[in-house]
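Asker: need a 3D model of the sequence below.
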Amino acid sequence: MAWTLNPVLKKLLAQIDAKYPRRDKSWDGTIGDARHATEKSDHNPDEHGIVNAIDITHDPKNGFNAAVFAEALRMHQDPRLKYVIFNSRIFSSLVQPWVWRKYNGASPHDHHVHVSVGGDPVPWIIE
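Answerer: Here you go, the predicted structure:
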């Protein structure tokens, strides 16, 4: 199936890349791998071929601190967010909205922050 990244995430990633042009991208990701394909994941294309999740590499050495970024997203409470995972913690806009909870998934997401979304591609507030 042909797929495209949700425009909301394209916008977010473009803003991050512009602000942190030298950041490491080795843990960046969009489309899910074979493991993701066996489960429900926003890294898998939806019925319209849209991927609604990205992973962004944690690279404080080059300015992008995923913990600070994730907390800024949580504090801003952007309605486009579904959930964010970083360093064995998750917050959601629906389940206990905007409260960090323990995350026990297969990956602790300690090398990258996971962002799942829906909504309009307007600029993000990333600070």
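Asker: nearest residue to Leu73 other than its sequence neighbours?
Answerer: Counting by CB to CB, 6 or more residues apart in numbering, Val84 is the residue found nearest to Leu73 once chain neighbours are left out, at 5.5 Å. (Each C-beta comes from the backbone N, C-alpha and C, glycine too.)
Asker: let me fix that: Gly105
Answerer: If the residues on either side of it in the chain are set aside, Gly105 comes closest to Ile85, at 7.1 Å by CB to CB, 6+ apart.
Asker: give the other helices and strands that the biggest helix by length in the chain contacts.
Answerer: When every helix of the chain is counted residue by residue (DSSP state H), the longest turns out to be helix 7-19. If you count contacts as 3 or more CB pairs under 8 Å, 6 or more residues apart in numbering; DSSP states H and E, helix 7-19 packs onto strand 53-57, strand 112-117.
Asker: so which of those gets nearest His76?
Answerer: strand 112-117 (12.5 Å; CB to CB).
Asker: send me the closest one as PDB with only the CA atoms.
Answerer: Below are the C-alpha coordinates for strand 112-117, written out as PDB (Å, rounded to 0.1, in the frame of the first residue of the first chain):
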ATOM      1  CA  HIS A 112      13.500   8.600  20.700                       C
ATOM      2  CA  VAL A 113      10.200  10.300  21.500                       C
ATOM      3  CA  HIS A 114       7.100   8.900  19.800                       C
ATOM      4  CA  VAL A 115       4.300  11.300  18.700                       C
ATOM      5  CA  SER A 116       0.900  10.200  17.500                       C
ATOM      6  CA  VAL A 117      -1.500  12.700  16.000                       C
END
